[in-house]
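Undergrad: Here is the input, now give the coordinates:
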Amino acid sequence: MSLKNTLIRLSAATAFLGGLFAFSNYVYKVSSVPHTHTDEDDASQDIAITQGRKFVRNHPDREDVFINSEDSLNLHASFIPAKEPSDKYVILIHGIWDNHEANGIYAKHYLEKGYNCLLPDLRGFGQSEGSYIGYGLDDRLDIKEWINWVIQRDSEALILLHGMSMGAATTLMTTGEYLPENVKGAIADSSYTTLPEEFAGTYKQFKGSILPTALAIAIMRIMIRIRSGFDINDVRPIDAVKRSVTPTLFIHGDDDKFIDPHMCSRLYEAANCEKYYCMILGADHIQGIVVDPDNYWAKVDSFIAKYIV
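TA: Next comes the predicted model:
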């Protein structure tokens with residue numbers, strides 16, 4: 001082989017490896033580095049969601065509360081007590097790239113129903129410590145700690161979990177764990193079945209997705225394993241619901257372009273707990289609450305009336 005051919009091949013290999021390294025860093029940043037919604041992003045939000053954020057932020061009875069995670073992170077939540085003393089509690093769990101304020105629209109309704117509202121910032125978001133997105137795997141243990149916080153406050157607490165998107169996956173992952181009897185029900189709005197499946201679906205929508213999907217997901221798995229310390233193959237809400245004994249309402253929008261609506265059907269079919277199903281027609285990702293609020297809350301209120309009385 002001539003020196004010229006050797007140099008050409010070496011240059012090509014160097015360029016390939018350099019491109020692969022750049023791609024790896026890019027996909028890790030996009031998939032796993034937390035960043036939180038800011039007020040400047042509100043222009044793209046439905047006005048009811050924006051008003052919900054301000055409702056939580058400015059609520060006169062809101063308290064900042066903190067706990068430590070099992071791996072010693074300082075985790076934050078906002079707590080808003082019901083107007084009248086109540087043993088009913090809802091833990092509202094937000095989705096990716098946001099913070100607890102995103103769930104203000106839900107907190108308003110629950111407070112009107114006499115619920116105490118706990119709105120955690122998932123690790124890495126809002127005021128909670130953390131350097132990577134856990135997609136529900138580590139977060140499920142954090143929610144268990146928040147459940148314990150509620151029970152320490154009120155041993156008679158009747159607890160509902162209600163999560164959206166990644167928060168829905170976190171909710172389902174939590175119900176796959178052993179939970180105190182205080183946890184009476186769970187609502188999962190727009191969860192994915194498994195993280196690899198969700199990554200694959202999202203990657204296929206990227207305009208710059210030049211690598212084969214299987215290779216891209218393999219690279220993401222390696223990078224997240226190295227830098228975040230967990231295996232994306234372990235993030236499997238569809239397996240958690242098979243172990244769950246917590247009554248669960250599965251909600252999804254049939255026009256969801258971010259998480260395939262068919263995932264909701266598969267989660268529902270896989271669940272061994274008491275289960276209910278609601279597809280909101282015409283709703284994109286976690287938009288059921290604004291597209292058809294009457295139907296949304298009718299399904300939610302009917303569900304919780306069966307288990308929290």
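Undergrad: When you work out contacts or count neighbours from here on, use the C-alpha atoms and nothing else.
TA: Fine.
Undergrad: which stretches of the stretch 151-300 of the chain form strands?
TA: In the stretch 151-300 of the chain, strands defined by DSSP state E, counting those that start in this stretch lie at 158-164, 183-189, 248-253, 275-280, listed in chain order.
Undergrad: buried residues in the second one?
TA: Along strand 183-189, the positions that meet the burial threshold by neighbour count (16 or more other CA atoms under 10 Å) are 183, 184, 185, 186, 187, 188, 189.
Undergrad: show me the contacts for the closest residue to residue 193 other than its chain neighbours.
TA: Using CA to CA, 6 or more residues apart in numbering and skipping the chain neighbours, the partner closest in space to residue 193 is residue 238 (5.0 Å). Residue 238 sits next to 193, 194, 266, 267, 270, 271 when contact means CA atoms under 8 Å, 6 or more residues apart in numbering.
Undergrad: top of those by neighbour count?
TA: residue 193 (26 neighbours; other CA atoms under 10 Å).
Undergrad: tell me the contacts of that residue?
TA: 169, 236, 237, 238, 263, 264, 266, 267.
Undergrad: Give me the contacts around stretch 240-248.
TA: 172-177, 183-188, 267, 270-276.
Undergrad: again, but for stretch 92-107
TA: 34-37, 48-57, 77-78, 117-122, 125-126, 133, 161-168, 170-171.
Undergrad: What separates the first and last residues of it, distance-wise?
TA: One end of stretch 92-107 to the other measures 8 Å (CA to CA, to the nearest Å).
Undergrad: Derive a ChimeraX selection command for the buried subset of the contacts of stretch 92-107.
TA: Selection of buried members from the contacts of stretch 92-107 for ChimeraX, criterion 16+ other CA under 10 Å:
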select :34,35,37,49,50,51,52,53,54,55,56,77,78,117,118,119,120,121,122,125,126,133,161,162,163,164,165,166,167,168,170,171
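Undergrad: Show only the entries of the contacts of stretch 92-107 found in helices.
TA: Mapping those onto helices (DSSP state H) picks out 48-57, 166-168, 170-171.
Undergrad: Identify, from these, the entry nearest to residue 88.
TA: residue 171 (17.7 Å; CA to CA).
Undergrad: how far away is the closest one from residue 144?
TA: 10 Å.
Undergrad: Can you spell out which residues form a bridge with the residue nearest to residue 283 when sequence neighbours are not counted?
TA: In space, and not counting its chain neighbours, residue 283 is closest to residue 253: 4.4 Å by CA to CA, 6+ apart. Note on residue 253: beta-bridge partners by DSSP bridges are residue 280.
Undergrad: what pLDDT does residue 253 get?
TA: Note on residue 253: pLDDT of 97.
Undergrad: how about it, what does it touch?
TA: 190, 261, 279, 280, 281, 282, 283, 284, 285, 286, 287, 288.
Undergrad: quick one: which of these sit in helices?
TA: Per DSSP H, the subset of those in helices is residue 288.
Undergrad: In the stretch 101-250 of the chain, where is pLDDT below threshold?
TA: 207-209 (pLDDT under 70).
Undergrad: how close does residue 284 get to residue 258?
TA: 8 Å.
Undergrad: likewise residue 291?
TA: Taking CA to CA, one finds residue 291 at 16 Å from residue 258.
Undergrad: cool, and residue 228?
TA: Taking CA to CA, one finds residue 228 at 23 Å from residue 258.
Undergrad: for residue 133, same thing?
TA: 17 Å.
Undergrad: Please apply the same query to residue 292.
TA: Residue 292 is 19 Å from residue 258, by CA to CA.
Undergrad: now do residue 86
TA: Taken as CA to CA, the span from residue 86 to residue 258 is 37 Å.
Undergrad: With residue 55 instead?
TA: 27 Å.
Undergrad: What of residue 231?
TA: From residue 231 to residue 258 the distance is 22 Å (CA to CA).
Undergrad: Could you do residue 23 as well?
TA: 22 Å.
Undergrad: cool, and residue 73?
TA: Applying CA to CA to residue 73 and residue 258 gives a distance of 30 Å.
Undergrad: element containing residue 143, please.
TA: Here residue 143 sits within helix 137-153, counting by DSSP states H and E.
Undergrad: Fine by me, thanks again.
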